[in-house]
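# I would like to see how this sequence folds:
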Amino acid sequence: MKKETKEKAALNPVVGATEEQQTQNESKQSIANEKVVGNTKPLEIHGVMADSSARLAGLEIMSMAELYDSSFPPRVPIVDGLLNCGTYLFVGAPKVGKSFFMAQLAFHVATGTPLWEYPTRQGAVLYLALEDDYARLQQRLSMMFGDEETDKLFLATRAGTIKEGLDNQIEAFVKEYPDARLIIVDTLQKVREVGEEKYSYANDYENITKFKEFSDKNGLCILIVHHTRKLESSDSFEMISGTNGLLGAADGAFFLYKKKRTDNEAILDITGRDQQDQQLTLERDLETCIWKLTKAENEIFKPKADPVLEAIALFLKNEKHWEGIASELMEAVPILGDLIPANVLTRRLNVNRTNLYKEYGVCYEPMQRTSDRKPFSLKLVESQ
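Here you go, the predicted model:
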């Protein structure tokens, strides 16, 4: 039966050249379900259904108060400070080392080992190496990692296109491997339609939007490898081949480039909606071709310490797990009474759900509400 299931998840050969701790899985499933808890109105994110929809000719809206009363699954990074859930472009000139970087990133996420000083969250990785064959991949991975291997990194050299089969293939992969965290598409051109209009903003935007909708729905990252255009620009991200529709639809981009083509050193510029702009200086090991971090500019942003969250985290270090309503938590943690009103506490937790998880190691989960109670649970995450 297992064999049959895996065969169903196999990628169909259409276009191409020649599996974290229980708490993490629960969190990821929560992200994948994309459910909002805390509001009595029928709200559904990614298609918000509000009572006002009918009288507003189908326009789906949410008030600011409703927004604050809603709780969204935490956005847990794939690589802390470097790569988040969502859809990102990874751009560079041909033969600059993009595919080696993809293999390196894929291996670290699949093994759950840090990428340089950046912690990763382990999960299954699908690497669509569509410009390679299995023999070349075998040689490359062996050169980079020696005898080290992992059964959470899956490779394919052929796949469907954006409009013909690719969506079904990656959806089947995620169903077969529900701990999937990262999908790499190398390259974008290989999954575009043959003869597709080359420089259409609408077409570029639509292509990336399809990936983004899937990554948002499933709480994972899709990283799309793409090439640069020949024309130079003072802004590295303006050198992305195609229109601004690509970057406009994506959550962010990585741009890998060398000052001189013969250099062994490269610069990695990073920009995105949910992170600060960064610039990393990398050097490639001549023997293994693994990229090493030699310099990082622009300090990674750390949110200002929140005394409310700190008090809750300190309380959870002893309790480990707690359930109840806001007023009961105020009684259990008396210092909270000096910091925040009870009727605002739940909203503070809703807004800071991701921050509470990432910075303090506390999992906040709203529970099924009754007419007069809005209960929630707090759980210390031993291993993030």
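# tell me the centre residue of the chain?
By CA atoms, centre = their mean, the mean C-alpha position of the chain lies nearest to Cys85, the distance being 1.3 Å.
# for that one, list the residues it contacts.
By CB atoms under 8 Å, 6 or more residues apart in numbering, the contact set of Cys85 is 31, 75-78, 215-216, 219-221. C-beta: built from backbone N, CA, C; applies to glycine.
# which pair of those spans the longest distance?
Comparing all pairs in the contacts of Cys85 by CB to CB, the longest separation belongs to Pro77 and Asp216, at 14.9 Å.
# out of those two, which sits in the busier spot?
Pro77 (22 against 19; other CB atoms under 10 Å).
# now the more buried one. Nearest residue, chain neighbours left out?
Leaving aside its chain neighbours, Pro77 sits nearest to Asn84 (5.0 Å; criterion: CB to CB, 6 or more residues apart in numbering).
# surely that neighbour is in contact with Gln275?
Yes: checked against CB atoms under 8 Å, the pair Asn84 and Gln275 is within contact range at 6.6 Å.
# any figure for the gap between Pro366 and Ala313?
Here the criterion is CB to CB, to the nearest Å. By it, Pro366 lies 18 Å from Ala313.
# these two: which is more packed in?
Set side by side, Pro366 and Ala313 show more neighbours around Pro366, with 21 against 17, by other CB under 10 Å.
# okay, and the beta partners of that one?
Phe376 (DSSP bridges).
# this protein: strands as residue ranges?
With DSSP state E as the criterion, the chain has strands at 86-92, 124-129, 153-156, 180-186, 221-227, 252-257, 265-272, 275-284, 291-297, 321-324, 362-366, 376-380.
# so can I have CSV of the ones you listed showing distance to Lys163?
Output for the strands of the chain, formatted as CSV (distance: least, CB to CB, whole Å):
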stretch, distance to Lys163
strand 86-92, 17
strand 124-129, 16
strand 153-156, 18
strand 180-186, 14
strand 221-227, 15
strand 252-257, 23
strand 265-272, 27
strand 275-284, 31
strand 291-297, 34
strand 321-324, 47
strand 362-366, 38
strand 376-380, 43
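# so where's this protein uncertain?
Flagging of the chain using pLDDT under 70 yields the residue ranges 1-55, 194-199, 229-243, 299-303, 382-384.
# and the longest helix for it?
What stands out as the longest helix in the chain, according to DSSP state H, is helix 201-218.
# and that one, how far out from the chain middle?
14 Å (CA atoms, centre = their mean, to the nearest Å).
# so for it, what gets flagged as buried?
Buried residues in helix 201-218, counted by 16 or more other CB atoms under 10 Å: 203-205, 207-208, 210-212, 214-216, 218.
# packing partners for it?
Packed against helix 201-218 by the contact rule (3 or more CB pairs under 8 Å, 6 or more residues apart in numbering; DSSP states H and E) you find helix 22-33, strand 86-92, helix 166-176, strand 180-186, strand 221-227, helix 245-249.
# how about those, which one is nearest Met143?
Short answer: strand 180-186, nearest of the helices and strands packed on helix 201-218 by CB to CB, at 17.5 Å.
# tilt between that closest one and helix 166-176?
In terms of direction (axes from the mean of the first three to the mean of the last three CA atoms, to 10 degrees), strand 180-186 departs from helix 166-176 by 150 degrees.
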